[in-house]
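Visitor: pasting a predicted model and its sequence here:
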Amino acid sequence: MNADFGVIECRALGVGMARGPRLATVDMCFRAGRFTAILGPNGAGKSTLLSILTGERAPQSGEVRLDGAPLSSFGAQALAQRRAVMSQDGSVAFDFLVQEVVELGRYPHRHRPALDEDGILLRAMALTEVAHLAGRSIHAVSGGERARTHLARVLAQMWEPLTGDQARWLLLDEPTAALDLSHQHRALGLLRSWCRHQGIGVIAVVHDVNLALRYADDVLVLDGSHAECGAVHDVLQPELLQRVWGMCGEPVCGRDGVRQFLFSTQAAVRAA
């Protein structure tokens, strides 16, 4: 197998708006079958980076490569068959039903539909617990239910394996922001399961360090012009929490053996 396959590579990637300041420079390989969390303080460039990885925004410098080829060489249709995107803004311009929003995930496959398109929709909605909302307007459900609908949409989009060595990717911007505690864990547990059992590559912007420690394999932390990446438990150490967020975190181990942090109100004052 080609070593470049199943990889999204950032090469000296300049993260920032076209005429804005440089927020970060990223050199990193994201690998299929692994869950990578992107963390950092507000304004560090997390969402901007994700939009560059999806191909929606051009980098200030450098490039993104998918399976060894420049991301810019892929057309919109080809990308939509390889990766699905869940943005922060879950608003929908038209008064679609919940099921119709999920059906949008199957649009890139309209020329080669699956044998069981209806079954894919039903199973995707069942996984995210919105099947009972299928006939409701997307504007008549809660923010959390809307987020779970969009999660079902991206799952439906990447439901079936691709031909050859092509990997599937889910790129999500704060997928748990509108979810309650229980659904946060269910959603991230589902994403981790897809990594493990289906070889999906997941790249997600998250804010909760403890959720990243519990569910992610790798982490990319943006802090000003600095970017630090690696295995999640190697990178997320008390020293980094204090430097990046100005927070004192005490590592503890839960009954399941997962390391988490208890945060103190005695936050370190960040240098001006």
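Guide: Yes, it's here. These figures come from a predicted structure and were not determined experimentally.
Visitor: all strands for the chain, in order.
Guide: 7-15, 24-31, 35-39, 61-66, 69-70, 83-86, 169-173, 201-205, 218-223, 226-231, 248-253, 259-264 (DSSP state E).
Visitor: for the last one, packing partners?
Guide: This points to strand 259-264. In terms of contacts (3 or more Cβ pairs under 8 Å, 6 or more residues apart in numbering; DSSP states H and E), strand 259-264 is packed against helix 209-215, strand 248-253. All C-beta atoms are positioned from the backbone trio N, CA, C, and that covers glycine.
Visitor: for these, which one ends up most surrounded?
Guide: The highest mean neighbour count among the helices and strands packed on strand 259-264 belongs to helix 209-215 (a mean of 21), with neighbours defined as mean count of other Cβ atoms under 10 Å.
Visitor: wait, which of the helices and strands packed on strand 259-264 is closest to residue 5?
Guide: Comparison of the helices and strands packed on strand 259-264 against residue 5 by Cβ to Cβ identifies helix 209-215 as nearest, at 24.7 Å.
Visitor: report the beta-bridge partner residues of the residue nearest the centre of the chain.
Guide: Geometric centre of the chain, nearest residue: residue 204, 2.2 Å, by Cα atoms, centre = their mean. Beta bridges link residue 204 to residue 37, residue 172 when assigned by DSSP bridges.
Visitor: go ahead and confirm it touches residue 169.
Guide: No - no contact is recorded between residue 204 and residue 169 when judged using Cβ atoms under 8 Å, the distance being 11.0 Å.
Visitor: could you dump the strands of the chain to TSV with mean pLDDT and distance to residue 179?
Guide: As requested, the strands of the chain are exported to TSV (pLDDT from 0 to 100; distance: least, Cβ to Cβ, whole Å):
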stretch	mean pLDDT	distance to residue 179
strand 7-15	96	25
strand 24-31	96	23
strand 35-39	98	16
strand 61-66	96	28
strand 69-70	96	35
strand 83-86	98	12
strand 169-173	98	12
strand 201-205	98	13
strand 218-223	96	20
strand 226-231	93	26
strand 248-253	96	23
strand 259-264	94	19
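Visitor: can you put those strands in TSV and add distance to residue 159?
Guide: Formatted as TSV, the strands of the chain follow (distance: least, Cβ to Cβ, whole Å):
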stretch	distance to residue 159
strand 7-15	20
strand 24-31	21
strand 35-39	18
strand 61-66	20
strand 69-70	24
strand 83-86	10
strand 169-173	11
strand 201-205	15
strand 218-223	24
strand 226-231	29
strand 248-253	36
strand 259-264	32
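Visitor: winner for burial among the ones you listed?
Guide: Looking across the strands of the chain with neighbours counted as mean count of other Cβ under 10 Å, the highest average goes to strand 35-39: a mean of 27.
Visitor: and that strand, what does it pack onto?
Guide: In this structure, strand 35-39 makes packing contacts with helix 46-53, helix 181-198, strand 201-205, helix 209-215, strand 218-223, judged by 3+ Cβ pairs under 8 Å, 6+ apart.
Visitor: contacts for it, please.
Guide: Surrounding strand 35-39, the residues in contact under the criterion Cβ atoms under 8 Å, 6 or more residues apart in numbering are 30, 46, 49-50, 191-192, 195, 201-207, 209, 211-212, 215-222, 232.
Visitor: rerun that using 6 Å as the cut-off
Guide: Taking Cβ atoms under 6 Å, 6 or more residues apart in numbering as the criterion, the residues outside strand 35-39 that touch it are 30, 46, 192, 195, 202-206, 212, 216-221.
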